[in-house]
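[1] Quick one, fold the following:
(2 chains)
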Amino acid sequence: MKTTITALITLVLSAGTSLAANSVQEQHNWKDTYTVNTATPHVRISNIWGGVKVRTGLSGQISVSAVELRSAPDQERFDRSFESIRLDVKADANGVSLLVGDPDERWHRMNECRGCRLDIQFEVLVPPGAIVDVGTVMDGRVDIEGVTGSVSASNVNGPVRVDDIQECTSIESVNGKVDVGFATSPVSDCNIETINGDITLDVPEGTGLDIKLDLFNGDLSSQLSAGPLDLPATIEHTMENGHEQYRIQKYSGLRIGAGGPTYSISSMNGDVRIQKHQ
Amino acid sequence: MRTFTLRATAALALFLGMAPALAQSDVQIINIPLSRPGEPISLEIGIMSARIEVIGEDREDAVFEVTIEEGERKIVTPSGTKTLTNAGYELEVDEHDNRISLDTDWRRNKVSVVARIPRRADLDLSTIEDGEIIVSNISGNLELSNVNGPITANGISGSVIAESVNNAIDLSFVSIDDANASSLETVNGELTVRLPANLGVQIHLDTSQGEIFSDFEVDVQPSKPTVTRNDNGSGSEVRIESVIIANVNGGGPIIRMNSLNGDINIRKAN
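    From the prediction side, this is the model:
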């Protein structure tokens, strides 16, 4: 059942300090709970402006709270923005999908509505075992804690913090630090990546990992015992649009403890720290 | 070459002393079938730091032997600082319609490439730092650029545009393309062109500090400074150039040789 907490329409006519004259804003706060009946429900959130916070809640339900702020430089574009920037919610017994953008994927319409935004701050409670795949693009952080299912998280211009998890698939940023903390030693492979930011991997003592490192600038340190791991070069052959492509790749190898699942860790301008979970 | 900016950045990193200690990777061999076997190909290789050797052979495919100097990375661990070998790299070869390109990512590893390709090929080879370009037995139009290393080409039929800044260029021709001029240009290196004894060419020579040596009798042509004017929206550019023009064996296709601080040699090919 969807509950609208507040619905506030504010027309700002030459009053805002940061907004242009005639700019229009509307804030809409809502909360909804979705019933799921699988042991591993999926929660997918694709945000553009704003953060995503995920915590563990009750079994059998996914609870979503959202603070939506729609804005545009003028009333005409504000009205038009509903066509090109929307929150598309899909829910069934297997999970929930919340996608911000153009549901028809006609992205040029977003460009035509220049200056239009739909900022959303998501707070989500997921049941134990939920598989979480969330991300945003700008003006927000991705913050996930205590999730017991596998986690994928991404940000473009901001940090990603994932803590007290048990498994991850992919944790990525472009311009932001990435912190990944595990409640238990991971047993499956994961990719952790940023371009401009530090990466901190926090794992329990005794964890074993095989790490494929791809670093350019930055220092590398480990509080757990670590040593070099020889990883052979790979040659990948693909055929696409008449192009035969051959790619040779090789990574630095690092074995943590006695080794274990393969973690790909990549940063261009940042340090990589492997920490012992306190 | 993905972008010159990336390469310049990596070059700066090298200059700042960030180059790792080096170890050789195993040789990786990539065999590339051609879209149109038996027809001429084009090959483009642009790598920041590379030894590039291209060998023309009687074949209908292309084979690349790639070796990469791997770096080192330190890791601070509870038992002290350790060294990781095998710093990462990525290299990609693409073939489409007999056009082959070889590119690497932005990392600073030095790459050695030996390419065995059909003889009839146009080449565009470039490297910047600590590199070397060697070409042999190719018939086609060659563009060769090596900023801080030598360029050597043997058994060439066609035309060559070769540029270096701080090193020598040595080209040995079997024949020269009548339609396209060739050019050798460096700032601080020696230029050598080797020609068949009976090949006629016209050589345009320009060196400020170096000497000119020739195995051939040369017929120096009367010449006067050329003035070129380029008017554009931001003003005018006037260029005055004075070169020595010399005919060898009665003249023929133009070879331009320009060095600021190096000698110029015109040799008879063996």
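[2] pretty sure B:Asp103 is touching B:Val66, no?
    No. Applying Cβ atoms under 8 Å, one finds B:Asp103 not in contact with B:Val66, separated by 11.9 Å. C-beta: built from backbone N, CA, C; applies to glycine.
[3] hey, what's in contact with both of the two?
    B:Leu91 (Cβ atoms under 8 Å, 6 or more residues apart in numbering or on different chains).
[4] neighbour count winner among the two?
    Neighbours were counted for B:Asp103 and for B:Val66 using other Cβ atoms under 10 Å in any protein chain shown; B:Val66 has more, 25 against 15.
[5] Give the residue spans of chain A that score low on pLDDT.
    Applying pLDDT under 70 to chain A picks out residues A:1-21, A:103-109.
[6] Return the residues of it in contact with chain B.
    For chain A, the contact set with chain B under Cβ under 8 Å from any Cβ of the partner chain comprises A:212-216, A:219-228, A:230-231, A:233, A:235, A:242-254.
[7] 7 Å instead, please
    By Cβ under 7 Å from any Cβ of the partner chain, the residues of chain A that approach chain B are A:213-216, A:220-223, A:225-228, A:230-231, A:233, A:235, A:242-254.
[8] Can you go through these and name the buried ones?
    A:213-216, A:220-223, A:225-228, A:231, A:233, A:244-254 (16 or more other Cβ atoms under 10 Å in any protein chain shown).
[9] Show me what residue 118 is bridged to.
    No chain in the question, so chain A it is. A:Arg70 (DSSP bridges).
[10] could you do chain B instead?
    B:Glu57.
[11] and the residue of the stretch 151-270 of chain B nearest chain A?
    The nearest approach of the stretch 151-270 of chain B to chain A comes at B:Ile151, 25.4 Å away (Cβ to the nearest Cβ).
[12] Number of residues surrounding that residue?
    29.
[13] For it, give me the pLDDT.
    On pLDDT, B:Ile151 comes in at 97.
[14] I'd say A:Gly181 and A:Ile199 touch.
    No. A:Gly181 lies out of contact with A:Ile199 (Cβ atoms under 7 Å); the separation is 11.9 Å.
[15] Settle it for me: which of those two has more neighbours?
    More crowded of A:Gly181 and A:Ile199, by other Cβ under 10 Å: A:Ile199, with 25 against 19.
[16] show me the contacts for the more buried one.
    A:178, A:192, A:265, A:267, A:270, A:272 (Cβ atoms under 7 Å, 6 or more residues apart in numbering or on different chains).
[17] OK, contacts around the fifth one?
    Contacts were defined as Cβ under 7 Å, 6+ apart; by that measure A:Gly270 touches A:194, A:196-199, A:218.
[18] can you list those residues in a markdown table and add distance to A:Trp30 and secondary structure?
    Shown next, in a markdown table, are the contacts of A:Gly270 (distance: Cβ to Cβ, whole Å; DSSP: H, G, I helix; E, B strand; the rest coil):
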| residue | distance to A:Trp30 | secondary structure |
| --- | --- | --- |
| A:Thr194 | 32 | strand |
| A:Asn196 | 34 | strand |
| A:Gly197 | 32 | coil |
| A:Asp198 | 35 | coil |
| A:Ile199 | 35 | strand |
| A:Gly218 | 42 | coil |
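[19] And the furthest pair within these?
    Farthest apart among these by Cβ to Cβ are A:Asn196 and A:Ile199. That separation is 11.2 Å.
[20] burial count for residue 99?
    Since no chain was named, I'll use chain A. A:Leu99: 17 neighbours (other Cβ under 10 Å).
[21] actually chain B
    15.
[22] again, but for the one 3 residues further on
    A count of nearby residues for B:Leu102, using other Cβ under 10 Å, gives 26.
[23] Next: B:Glu39.
    By other Cβ under 10 Å, neighbour count at B:Glu39 equals 12.
[24] Quick one: residues contacting it.
    By Cβ under 7 Å, 6+ apart, the residues touching B:Glu39 are B:Asn98.
[25] tell me the SS of it?
    Per DSSP: H, G, I helix; E, B strand; the rest coil, the secondary structure class of B:Glu39 is coil.
[26] Relative to the helix or strand containing A:Ser170, what are the paired strands and their orientations?
    Element membership of A:Ser170, judged by DSSP states H and E, is strand A:167-172. Strand A:167-172 has the following strand partners under DSSP bridges: strand A:150-154 (parallel), strand A:190-196 (parallel).
[27] tell me which residues of the last one are tucked away?
    So the one you mean is strand A:190-196. So strand A:190-196, judged by 16+ other Cβ under 10 Å, has buried residues A:190-195.
[28] Pick out whichever of the residues you listed sits closest to A:Ser173.
    For these, the nearest to A:Ser173 is A:Thr194 (4.4 Å; Cβ to Cβ).
[29] contacting residues for the nearest residue to the closest one once chain neighbours are set aside?
    Leaving out its chain neighbours, the residue that sits closest to A:Thr194 by Cβ to Cβ, 6 or more residues apart in numbering or on different chains is A:Ser173, at 4.4 Å. Applying Cβ under 7 Å, 6+ apart, we find A:Ser173 in contact with A:154-155, A:158-160, A:194, A:197.
[30] Considering these, which is situated nearest to chain B?
    Among the contacts of A:Ser173, and counting by Cβ to the nearest Cβ, the member closest to chain B is A:Thr194, at 15.4 Å.
[31] hang on, isn't the closest one packed against A:Val178?
    Yes. Under the criterion of Cβ under 7 Å, A:Thr194 makes contact with A:Val178 at 5.0 Å.
[32] and B:Leu91, what does it touch?
    A:248, B:66, B:104, B:111.
[33] Show me the domain layout of chain A.
    Under the assignment automatic domain parsing, the domains of chain A span A:1-140, A:156-278.
[34] Break down the stretch 151-270 of chain B into its strands, ranges please.
    B:151-164, B:169-176, B:182-186, B:191-195, B:201-207, B:212-214, B:218-221, B:226-232, B:235-241, B:244-248, B:254-259, B:264-268 (DSSP state E, counting those that start in this stretch).
[35] I'd like the mean pLDDT over the shortest one, please.
    In this case it means strand B:212-214. Mean pLDDT, strand B:212-214: 93.
[36] Give me the residues contacting it.
    Counting by Cβ under 7 Å, 6+ apart, B:205, B:263-266 sit against strand B:212-214.
[37] Output these in CSV, with distance to B:Val54 appended to each entry.
    Below are those laid out as CSV (distance: Cβ to Cβ, whole Å):
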residue, distance to B:Val54
B:Leu205, 28
B:Asp263, 26
B:Ile264, 25
B:Asn265, 23
B:Ile266, 24
